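Asks: Following is a predicted model, sequence given first.
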Amino acid sequence: MTEHCLPDYRVLPTDVAERMAQIRQRECVLEIDHVGKVFAQKRNKTIALEDIEFGVHRREFVCVVGPSGCGKSTLIRILAGLEDATSGRILVDGKPVNGPGPDRGMVFQKYTLFPWLDVCRNVMFGIEMGGTDRVEARRQAMQWLQMVGLEQFATSFPHQLSGGMQQRVAIARALAARPRVLLMDESFSALDAQTRLKMQNYLMEIWRKIDITIVFITHDLDEAIYLADRILVLKPRPGRVEEVIEVPLSRPRRAAQMTSDEFLATKAHLEALIRSFGDTTEETDEGGEDFDIPLLTLVTDKAE
Ligand SMILES: Nc1ncnc2c1ncn2[C@@H]1O[C@H](COP(=O)(O)OP(=O)(O)O)[C@@H](O)[C@H]1O
Ligand SMILES: [Mg+2]
């Protein structure tokens, strides 16, 4: 298929245009205020991010895409408070944040459940961290497990679950702490295509039911288009916002939309855009995030 027979990806169907207008009227839960990040080693300086300016509205689903090395992981680590910005600030509900906080939940690519805790205790962890007593934490954890369809696995251990199920528990654990924003870094990248699609549908179903704002990083363009209200495209060296795309697809999303003209037009544009950035393959990046040290530190403090 050639690009010229596809519609313009910037033309939104009426229902999508209306939805985007509604979203724009909502307050920004997460503000990225002129954020820059420089990694300075001895004689080597990498500008990982330069002047990133973006607001995520309440209950919006934003995906961030861009070639390897464009600063996606750096950005989400700054949002999570795992890394400091060199310049600019992050605000949640209008308040500047320093360091990690319960207002931001994170789901990584690698499976980060605590192997020595059963599923229910994994989810209870975040709730108990907030000071809730154990009986109430268990009750809430079971509700979150029900939300991700895993209540019958409450007493299973992580190694007894498939990768997809483990990520559902990780989502339940992140949401159970009642964050304002859910941050996801390549969270489904390790899953096979079929499981991945199921997880994407699960996630959108949960997102529809609760008051949560999502920032989801992915290098998979299909995933970004399928999930997002808006897609933030980062360009590398230095990492800057190249374009913000409003996805021209109605909700609720269905897999069948992936072959629609609007979907293909958006994908063709994104592919051309990313190709125009040139070769970035000198970076070694598997597209994911490393196991998170602050989380582990947290665990060893708390484990019995
Ligand atoms: N801790 C670090 N020290 C030095 N350079 C880093 C560090 N982390 C990332 N970078 C560099 O910053 C840039 C962006 O990296 P990253 O955020 O991992 O990109 P992405 O996730 O989009 O692949 C790359 O050039 C990378 O080499
Ligand atoms: Mg990355």
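Replies: Looks like it came in fine. Ligands and ions are numbered 1, 2, ... in the order given.
Asks: Report pLDDT for the residue in the chain that ligand 2 sits nearest to.
Replies: Closest contact between the chain and ligand 2, by CB to the ion, is at residue 73 (3.3 Å). C-beta: built from backbone N, CA, C; applies to glycine. Listed pLDDT for residue 73 reads 95.
Asks: helices and strands around the helix or strand harbouring it, which ones?
Replies: Using DSSP states H and E, residue 73 sits in helix 72-80. Under the contact definition 3 or more CB pairs under 8 Å, 6 or more residues apart in numbering; DSSP states H and E, helix 72-80 sits against strand 28-41, strand 44-57, strand 61-65, strand 104-107, strand 181-185, strand 213-217.
Asks: Adding distance to ligand 1, mean neighbour count and mean pLDDT, write those strands out as CSV.
Replies: Converted to CSV, the helices and strands packed on helix 72-80 look like this (distance: least, CB to the nearest ligand atom, whole Å; neighbours: other CB atoms under 10 Å; pLDDT from 0 to 100):
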stretch, distance to ligand 1, mean neighbour count, mean pLDDT
strand 28-41, 3, 18, 96
strand 44-57, 4, 17, 96
strand 61-65, 9, 25, 98
strand 104-107, 14, 24, 96
strand 181-185, 8, 24, 97
strand 213-217, 7, 25, 98
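Asks: Could you dump these into a markdown table with distance to residue 235 added?
Replies: Below are the helices and strands packed on helix 72-80 laid out as a markdown table (distance: least, CB to CB, whole Å):
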| stretch | distance to residue 235 |
| --- | --- |
| strand 28-41 | 15 |
| strand 44-57 | 10 |
| strand 61-65 | 11 |
| strand 104-107 | 25 |
| strand 181-185 | 19 |
| strand 213-217 | 15 |
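Asks: For residue 236, which of those strands is the nearest?
Replies: Among those, strand 44-57 comes nearest to residue 236, with 9.3 Å by CB to CB.
Asks: before we move on, the earlier item: please tabulate the helices and strands packed on helix 72-80 in JSON lines, including the columns distance to ligand 2.
Replies: Compiled in JSON lines, the helices and strands packed on helix 72-80 are given as follows (distance: least, CB to the ion, whole Å):
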{"stretch": "strand 28-41", "distance to ligand 2": "13"}
{"stretch": "strand 44-57", "distance to ligand 2": "11"}
{"stretch": "strand 61-65", "distance to ligand 2": "10"}
{"stretch": "strand 104-107", "distance to ligand 2": "14"}
{"stretch": "strand 181-185", "distance to ligand 2": "7"}
{"stretch": "strand 213-217", "distance to ligand 2": "7"}
